[in-house]
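Trainee: I'll drop the sequence and a predicted model, then ask my questions.
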Amino acid sequence: MTAIPGHNIVIQQSGVAQELTHQANTPKPSPEQAVAQQEVSEIVTNTTVQEFDEAEKLKTKKEKEALIRRQKLKEKKKKREKKKQEKMDPDPDAPGRLLDTTA
């Protein structure tokens, strides 16, 4: 916000104008700093390992296999729970079962 001296008027700059004034007033790096920054960026680009398409394919393949394994384990677990439930809760109306009666 900017105030006009001698008046009670306050002017507010838009966001774009504020960004432009910030960009215009940013200090420029000294030549030594610019060279150092360039060297650092060159070192980073030269030491970065590039990924191959094969690596990406292997990664997705491993993820798919892991997903399939998890799904199979879930299915086995559900089957085990279902069998356990069937063993625990036999049908009370099945033949050969005694009736629980109270007189």
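Mentor: Sure thing, it's come through.

Trainee: how many residues are close by Glu65?
Mentor: Neighbourhood size, Glu65 [other C-beta atoms under 10 Å]: 10. Just so you know, the C-beta spots here come from the backbone N, C-alpha and C atoms, and that holds for glycine as well.

Trainee: so it versus Leu58, what's the distance?
Mentor: Distance, Glu65 to Leu58, using C-beta to C-beta, to the nearest Å: 11 Å.

Trainee: before we move on, what about Ser41?
Mentor: Counting by C-beta to C-beta, the separation of Ser41 from Leu58 is 30 Å.

Trainee: same check, this time on Ala34
Mentor: Here Ala34 is placed at a distance of 41 Å from Leu58 (C-beta to C-beta).

Trainee: go on, Phe52?
Mentor: For Phe52, the distance to Leu58 equals 9 Å [C-beta to C-beta].

Trainee: cool, and Ile68?
Mentor: Counting by C-beta to C-beta, the gap from Ile68 to Leu58 is 16 Å.

Trainee: then Lys28?
Mentor: Distance, Lys28 to Leu58, by C-beta to C-beta: 46 Å.

Trainee: neighbour count: these two, which is higher?
Mentor: Set side by side, Lys28 and Leu58 show more neighbours around Leu58, with 11 against 7, by other C-beta under 10 Å.

Trainee: and that one, which helix or strand is it part of?
Mentor: When elements are assigned from DSSP states H and E, Leu58 belongs to helix 53-88.

Trainee: pLDDT of that helix, averaged?
Mentor: Helix 53-88 carries an average pLDDT of 89.

Trainee: report the buried residues of it.
Mentor: Neighbour counts over helix 53-88 (16 or more other C-beta atoms under 10 Å) mark no residue as buried.

Trainee: what packs against that helix?
Mentor: On a contact count with 3 or more C-beta pairs under 8 Å, 6 or more residues apart in numbering; DSSP states H and E, helix 53-88 meets no helix or strand.
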